[in-house]
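Colleague: My questions are about this predicted structure, shown below with the sequence.
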Amino acid sequence: MSEPLKEKTAKGLLWGGLNSTVQQLLGIVFGIILARRLNQSDFGMIAMITIFQLIGNDLQNSGFKVALANLRQPTDRDYNSVFWFNILMGGSLYILLFLCAPLIASFYHIPSLTPLARYAFLSIVFASFGTAQSAWLFKNLRAKQQAKAGMMAVLISSSVAVVMAYMGFAYWALATQTNLYILLCTLFYWYYSPWRPTLSIDLKPALRMFRFSVKLLISQVLTDINNNVLNILLG
């Protein structure tokens, strides 16, 4: 391992740790503020649809970030294939969940859950535009840029959520916090990554990588279900 790569790896670990710590601290601070302003039922509304968001994002991502990093020398064709796969998958999932939102609301006997779910599920679409960019940053050890993106996104989105909470938007503030966080992360990934997609749509490289990434996908989906099973059953 060359010295520059060692330095990049060390700095990557440092920035990764800093990013995780700062986001956790900000999450605690803003979480306390929101908890004092919002009702328990507001958090409950979000908890009911969180599992659908998580699984939707898992399916949209399909483990391709790690799959691309696992390639020795991923090409522009590989990144482009993953980009369009994610866009198509994210768009399809949103349409499906949009149509299923009334069923989710009916399951919990809460009609107002329909518009909230349809709004919250936009995060899947936002995330689909940033997976390939995030993978490029990850593969090229741009941990500093990823950390900046994450920290700025959580600070801005949480601040907006607090303002909305004080303005009386209730659970919409929490849904906006998640949507805005993912949207900002995606925009920052595009800003920091020089890679750009083309209009040439070839899904063959993505389908080849899927043989590897599907294992990660299944593992992540099972983890999310296990962590949120009580929210599904109890509402």
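Modeller: Arrived safely.
Colleague: Looking at the chain, which helix is longest?
Modeller: Of all segments of type helix in the chain, defined using DSSP state H, the longest is helix 3-37.
Colleague: After that one, heading C-terminal, what element do we hit next?
Modeller: Sequence-wise, the next helix or strand downstream of helix 3-37 (DSSP states H and E) is helix 40-61.
Colleague: Which positions in that following helix come out as buried?
Modeller: Buried residues in helix 40-61, counted by 16 or more other Cβ atoms under 10 Å: 42, 45-61. All C-beta atoms are positioned from the backbone trio N, CA, C, and that covers glycine.
Colleague: so it versus helix 3-37, what angle?
Modeller: Interaxial angle of helix 40-61 relative to helix 3-37 (axes from the mean of the first three to the mean of the last three Cα atoms, to 10 degrees): 150 degrees.
Colleague: which other residues reach whichever helix or strand comes after helix 40-61?
Modeller: Scanning forward in sequence from helix 40-61 by DSSP H and E, the next helix or strand is helix 64-70. Contacts of helix 64-70 from elsewhere in the structure, counted by Cβ atoms under 8 Å, 6 or more residues apart in numbering, are 74, 78-79, 82, 85-86, 131-132, 134-136, 138-139, 206, 209-210, 212-213, 216.
Colleague: helices or strands up against whatever helix or strand comes next after helix 64-70?
Modeller: Note on helix 64-70: by DSSP H and E, the next helix or strand toward the C-terminus is helix 76-108. Under the contact criterion of 3 or more Cβ pairs under 8 Å, 6 or more residues apart in numbering; DSSP states H and E, helix 76-108 touches helix 40-61, helix 64-70, helix 113-120, helix 122-128, helix 131-139, helix 204-234.
Colleague: got JSON lines for those, with mean pLDDT and distance to L14 too?
Modeller: Shown next, in JSON lines, are the helices and strands packed on helix 76-108 (pLDDT from 0 to 100; distance: least, Cβ to Cβ, whole Å):
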{"stretch": "helix 40-61", "mean pLDDT": "90", "distance to L14": "26"}
{"stretch": "helix 64-70", "mean pLDDT": "85", "distance to L14": "19"}
{"stretch": "helix 113-120", "mean pLDDT": "97", "distance to L14": "34"}
{"stretch": "helix 122-128", "mean pLDDT": "96", "distance to L14": "26"}
{"stretch": "helix 131-139", "mean pLDDT": "92", "distance to L14": "16"}
{"stretch": "helix 204-234", "mean pLDDT": "81", "distance to L14": "26"}
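Colleague: Any idea which of the ones you listed gets closest to A147?
Modeller: Smallest distance to A147 across the helices and strands packed on helix 76-108 (Cβ to Cβ): 10.1 Å, for helix 131-139.
Colleague: Check the offset of that closest one from the chain's centre.
Modeller: Put simply, helix 131-139 sits 13 Å off its chain's centre (Cα atoms, centre = their mean, to the nearest Å).
Colleague: In PDB, list the C-alpha atoms belonging to it.
Modeller: Extracted as PDB, the C-alpha positions of helix 131-139 are listed here (Å, rounded to 0.1, in the frame of the first residue of the first chain):
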ATOM      1  CA  THR A 131     -26.500   6.400  -5.100                       C
ATOM      2  CA  ALA A 132     -24.000   6.400  -8.000                       C
ATOM      3  CA  GLN A 133     -22.500   9.700  -6.900                       C
ATOM      4  CA  SER A 134     -22.200   8.500  -3.300                       C
ATOM      5  CA  ALA A 135     -20.600   5.300  -4.600                       C
ATOM      6  CA  TRP A 136     -18.000   7.300  -6.600                       C
ATOM      7  CA  LEU A 137     -17.000   9.300  -3.500                       C
ATOM      8  CA  PHE A 138     -16.800   6.100  -1.500                       C
ATOM      9  CA  LYS A 139     -14.800   4.200  -4.000                       C
END
